[in-house]
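K.L.:
One predicted model, sequence on top.
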Amino acid sequence: MGLQDLIVTPVYLLLLYALAYWIRPKVTNRDTRKYFIPGLTVKFVGAIALGLVYQFYYDGGDTFTYFHLGSRWIWEAFLVNPYYAFKMIFVAGGEHASELFQFSSRIYTYGDPASYFVVRVAGFFDLFTGHTYLATALCFAAISFTGVWAMYVSFCRFYPTLSSYFAYAILFIPSIFFWGSGLMKDTLTLGALGLFFFGATHLFVFKKNIFIAAISILIGFYVLYIVKIYIIICFVPALIFWLFLNYQNRIRSLIVKIAIGPVLLAIGGLAAGYATLLVSEEHYRYSLEEVAYTAEQTARWNYYVSERNDGSGYTLGDFDFTPAGLVRKIPLAVITALFRPFLWETRNPVMLLAALENLVILILFVRGIFKFRRFNDLENKKLLILCFSFSLLFSFAIGVTTYNFGSLVRYKIPMLPFLAAGLIILNFKKHSKNATLSFYHA
């Protein structure tokens, strides 16, 4: 970052705010309108703060790899021949085309489709920002906010009286708008998951805005599939199970009703196992022959590096990384992903902030357990099934392999809004005896 950022970034802030004020009446109502601009603002703050932290605290990192060793060369190609830049943006990396070799060969992540996708998006925005880091990061924050806001309004449609609570749970948790706003993979996947959730609820539940819902599903699925497929692998089984619970009253056959439940649970278990493998690949490329072996090598390597560098590693104790061993560690892995680091485990300011968030989540979780006294409350709170089943599947996948609190805080971002929203519903939604059981009671 330099003088160019100080000149170009304010211009883009003004342009993006002007666009936001123009869009706001079209995507808000009386209850949600007041959170739109503040929600966008914290995303912008998060994007700028992440860049500053990586430059002055971490002294480099993924975000600058995508920018200085990635989109920079798309910008350089554009200056030579705009056709080269457009080809590098809209054609996935892999083989080096002869006319592009002088540029593509210098892109550090060119051979990795997931990481190169981030470079392609950054390269696209660079064409308008003149390859200005902070301005491009603001564009990342803005497109991520599109998905996050879509997620927020979807939850509000189910429980309009909880709109203020959902705002804090989805828009204003510091980890979400810090790690999910900058020039990073997590920014794109958070927004994509929000779009996917919005599309699924409006297509299958509310049956409104069908065309927009279908487009949202396609965009969300595509981005998640390319960048972090394990998110969709954990989310889809939870989504299907939730939809089944809502549609089960329409299934006449008792045998079918009884049979589908275990099948969906088995699919969820397999999804968690496969997602574990894919999380492992996020760190390092191992043989794909065995999930357990991959998880073991990844976990041990991450712990070694973490302890050597900053002491932020964690373990789940000694155990054999066999499928049976992994199953026995499900509770500890889930607890770790949901509630750790604890306050006494913090090593730096970023971990301290995460620990404070986890403390609030733990308090809401314990409070919710005492409030949840009757199982039939689920009839009016079916959305809890989606929120908590996704959170559990995802928590296991990242908790058993990450072995580093710094990475764990960032990796849990896609799950955090659903976990927080579920806790909001559990703690603050009053049970109504006269409620009609339908999709609109989630």
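P.N.:
That came through fine. Numbers count the residues shown, from 1 in each chain.
K.L.:
Give me the below-cutoff pLDDT ranges for this structure.
P.N.:
1, 59, 92-95, 247-311, 318-323, 325-326, 372-380, 430-442 (pLDDT under 70).
K.L.:
tell me the domain ranges of it?
P.N.:
1-227, 231-442 (automatic domain parsing).
K.L.:
could I get these as TSV with mean neighbour count?
P.N.:
Where you see a C-beta, it was placed from the backbone N, CA and C, and this is true even at glycine. Output for those, formatted as TSV (neighbours: other Cβ atoms under 10 Å):
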stretch	mean neighbour count
domain 1-227	19
domain 231-442	18
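K.L.:
from what I can see residue 179 touches residue 186, true?
P.N.:
Yes. Applying Cβ atoms under 8 Å as the test, residue 179 and residue 186 come out as touching, 5.4 Å apart.
K.L.:
so what's in contact with those two at the same time?
P.N.:
Contact with both residue 179 and residue 186 is made by residues 410, 413, according to Cβ atoms under 8 Å, 6 or more residues apart in numbering.
K.L.:
and residue 65, what does it touch?
P.N.:
By Cβ under 8 Å, 6+ apart, the neighbours of residue 65 are 108-109.
K.L.:
quick one, phi/psi of it?
P.N.:
Backbone dihedrals for residue 65, given as degrees, to the nearest 10, come out at phi -60, psi -40.
K.L.:
State the distance from it to residue 107.
P.N.:
10 Å (Cβ to Cβ, to the nearest Å).
K.L.:
repeat for residue 166
P.N.:
Relative to residue 107, residue 166 is positioned 39 Å away (Cβ to Cβ).
K.L.:
Equivalent analysis for residue 138, please.
P.N.:
23 Å.
K.L.:
next one: residue 428
P.N.:
Residue 428 is 48 Å from residue 107, by Cβ to Cβ.
K.L.:
For the nearest residue to residue 61 once chain neighbours are set aside, give me its contacts.
P.N.:
Of all residues not flanking residue 61 in the chain, residue 54 sits nearest, at 4.4 Å (Cβ to Cβ, 6 or more residues apart in numbering). Applying Cβ under 8 Å, 6+ apart, we find residue 54 in contact with 60-61, 63-64, 182.
K.L.:
Then residue 54 would be within a helix, right?
P.N.:
Yes. Membership of residue 54 in a helix is supported by DSSP: H, G, I helix; E, B strand; the rest coil.
K.L.:
So it versus residue 137, what's the distance?
P.N.:
From residue 54 to residue 137 the distance is 10 Å (Cβ to Cβ).
K.L.:
can you list residues touching both of the two?
P.N.:
Here residue 54 and residue 137 have 63, 182 as joint contacts, going by Cβ under 8 Å, 6+ apart.
K.L.:
three-state assignment of residue 208?
P.N.:
Taking three-state DSSP as the rule, one finds residue 208 in the coil state.
K.L.:
List the contacts of it.
P.N.:
residue 202.
K.L.:
so what's the backbone phi/psi at it?
P.N.:
Geometry field for residue 208 lists phi and psi as phi -130, psi 160, criterion degrees, to the nearest 10.
K.L.:
So it versus residue 199, what's the distance?
P.N.:
Counting by Cβ to Cβ, the gap from residue 208 to residue 199 is 11 Å.
K.L.:
Over to residue 85?
P.N.:
The value you get for residue 85 to residue 199, if Cβ to Cβ is used, is 31 Å.
K.L.:
can you check residue 338 too?
P.N.:
Between residue 338 and residue 199 the distance is 27 Å, computed by Cβ to Cβ.
K.L.:
and if you look at residue 149?
P.N.:
14 Å.
K.L.:
what's the answer for residue 61, then?
P.N.:
Taking Cβ to Cβ, one finds residue 61 at 32 Å from residue 199.
K.L.:
thought residue 347 was touching residue 314?
P.N.:
No. Counting by Cβ under 8 Å, residue 347 does not reach residue 314; the two are 11.0 Å apart.
K.L.:
I'd like the next helix or strand past the host helix or strand of residue 86.
P.N.:
In this structure, residue 86 sits in helix 82-90 according to DSSP states H and E. Counting by DSSP H and E, the element after helix 82-90 in chain order, helix or strand, is helix 101-104.
K.L.:
right, and the helix or strand after that following helix?
P.N.:
Downstream of helix 101-104, the first helix or strand assigned by DSSP H and E is helix 113-129.
K.L.:
So which elements touch the helix or strand following that following helix?
P.N.:
Counting by DSSP H and E, the next helix or strand C-terminal to helix 113-129 is helix 133-158. The helices and strands touching helix 133-158, judged by 3 or more Cβ pairs under 8 Å, 6 or more residues apart in numbering; DSSP states H and E, are helix 3-27, helix 33-56, helix 113-129, helix 163-166, helix 185-201, helix 416-428.
K.L.:
hey, what's in contact with both of residue 347 and residue 314?
P.N.:
residue 405.
K.L.:
Return the residues in contact with residue 63.
P.N.:
Applying Cβ under 8 Å, 6+ apart to residue 63 gives the contacts 50-51, 54, 137, 182-184.
K.L.:
same check, this time on residue 215
P.N.:
residue 199.
K.L.:
do the same with residue 85
P.N.:
Applying Cβ under 8 Å, 6+ apart, we find residue 85 in contact with 74-75, 77-78, 123, 127.
K.L.:
what do you get for residue 409?
P.N.:
Applying Cβ under 8 Å, 6+ apart to residue 409 gives the contacts 175, 179, 341, 350-351, 354.
K.L.:
same check, this time on residue 146
P.N.:
Residues near residue 146 by Cβ under 8 Å, 6+ apart: 191, 194-195.
K.L.:
again, but for residue 391
P.N.:
338, 415, 418-419, 422.
K.L.:
As JSON lines, the helices and strands packed on helix 133-158 with distance to residue 358 would be great.
P.N.:
Shown next, in JSON lines, are these (distance: least, Cβ to Cβ, whole Å):
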{"stretch": "helix 3-27", "distance to residue 358": "31"}
{"stretch": "helix 33-56", "distance to residue 358": "19"}
{"stretch": "helix 113-129", "distance to residue 358": "27"}
{"stretch": "helix 163-166", "distance to residue 358": "18"}
{"stretch": "helix 185-201", "distance to residue 358": "18"}
{"stretch": "helix 416-428", "distance to residue 358": "10"}
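K.L.:
between those helices, which one is nearest to residue 364?
P.N.:
Residue 364 lies closest, by Cβ to Cβ, to one member of these: helix 416-428, at 4.2 Å.
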